[in-house]
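All I have is the shape, not the residue letters:
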């Protein structure tokens, strides 16, 4: 079980980094500027992490089966993250009429583009950070509590 949880946590972190990298690329193509794209991806990812951790800290103690919830959150992250990667190219066509109405006001247009990008990445990023506090609980036996054993592979709920 310990090896499976370790692998799951490792793959979870790797997938989050992969999604963030894909979002950097897609946002750069959609926003047309590397600095703006990088800023909005980092801002939305960090805000999502804060939002997800706040929600998880509030509701983690109510979770009866943390491994089941962890698996559901992993699936949600995968679906939302991959869905967003495939949605980026279609968003230009969908939002063109909305953005066309404010084409004469570059400040409003850029603010709207950044707000849409920020909100689209906020939700998947929030799900990324809810997994750790809700994930598998740490072993509490005295034998496993020894320095470095058990606590090093816990996914976050050690503070419970």
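Cool, the structure landed. Here the structure is a predicted model, which means the values were calculated and not measured. Numbers count the residues shown, from 1 in each chain.

low-confidence ranges in the chain?
Residues of the chain meeting the criterion pLDDT under 70: 1, 132-160.

Tell me who's in contact with the spatially most central residue of the chain.
For the chain, the residue nearest the mean C-alpha position is residue 125 (2.1 Å; Cα atoms, centre = their mean). Residues near residue 125 by Cβ atoms under 8 Å, 6 or more residues apart in numbering: 44, 45, 46, 47, 48, 49, 51, 52. The way it works is simple: take the backbone N, C-alpha and C, and place the C-beta from them, glycine included.

of the residues you listed, buried ones?
Listed as buried from these are 44, 45, 47, 48, 49, 51, 52; burial here means 16 or more other Cβ atoms under 10 Å.

now those in TSV, with distance to residue 64 and secondary structure?
Output for the buried ones among the contacts of residue 125, formatted as TSV (distance: Cβ to Cβ, whole Å; DSSP: H, G, I helix; E, B strand; the rest coil):
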residue	distance to residue 64	secondary structure
44	31	helix
45	30	helix
47	29	helix
48	25	helix
49	25	helix
51	23	helix
52	20	helix
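
Of these, which is the nearest to residue 109?
Checking the buried ones among the contacts of residue 125 against residue 109 with Cβ to Cβ, the nearest one is residue 44 at 18.8 Å.

how many neighbours does the residue nearest to that closest one when sequence neighbours are not counted have?
Spatial nearest neighbour of residue 44, chain neighbours left out: residue 121 (3.8 Å); criterion: Cβ to Cβ, 6 or more residues apart in numbering. By the criterion of other Cβ atoms under 10 Å, residue 121 has 27 neighbours.

tell me the contacts of residue 121?
Here residue 121 is in contact with 23, 27, 40, 41, 44, 45, 48, 84 (criterion: Cβ under 8 Å, 6+ apart).

what does residue 64 give?
With Cβ under 8 Å, 6+ apart, residue 64 has no contacts at all.
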